[in-house]
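# Below: sequence and its predicted model.
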Amino acid sequence: MDNLFARIIAREIPATILYEDDQVLAFQDVAPQAPVHFLVIPKKHIATLNDLQEADKALAGHLLYTAQRLALELGCDDGFRVVVNCKEKGGQTVQHLHLHVLGQRAMSWPPG
Ligand code: 5GP
């Protein structure tokens, strides 16, 4: 296994799983930055948003739609934030593409 999130997909590391299908996995962030904070990842290894290929466009839509559906299930009808940190300057620390979904608190802009 080449990264932390691959180990979560393989159930080698425990996580609170919110949703899973053949293409994506969603689970609670271990260090939540909001009352709702979960991650949506592709099961296929894509290291960063920069590594997304044309063939991954449907998968990218599926990731985003999964984020929206779960956010609504978790009561974020009044709004939420989806973030993708890309590479070092973007603040990415885990080298497996992931969408952060944060909700149930007011968000400010711009981010730091
Ligand atoms: P990044 O900084 O790469 O955008 O976000 C990585 C996220 O993964 C962070 O929010 C961090 O809290 C979360 N994270 C790191 N290690 C683990 C872990 O072992 N389990 C879970 N569920 N989340 C993790």
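On my side now, so go ahead. Numbering: from 1, shown residues only.

# going forward, measure contacts between C-alpha atoms and count neighbours the same way
OK.

# For the top strand by length along the chain, which outside residues touch it?
Counting by DSSP state E, the longest strand found in the chain is strand 36-42. For strand 36-42, the surrounding residues in contact (Cα atoms under 8 Å, 6 or more residues apart in numbering) are 23-29, 32, 59, 63, 66-67, 74, 96-104.

# same thing but at 7 Å, please
23-29, 63, 67, 97-104 (Cα atoms under 7 Å, 6 or more residues apart in numbering).

# Mind listing the strands it pairs with, and their directions?
Strand 36-42 sits in its sheet next to strand 24-28 (antiparallel), strand 99-103 (antiparallel), going by DSSP bridges.

# what's the spacing between the residue lying closest to Leu4 once chain neighbours are set aside and the ligand?
Distances taken as Cα to Cα, 6 or more residues apart in numbering place Val94 nearest to Leu4, at 7.1 Å, with adjacent residues excluded. According to Cα to the nearest ligand atom, to the nearest Å, Val94 stands 4 Å off from the ligand.
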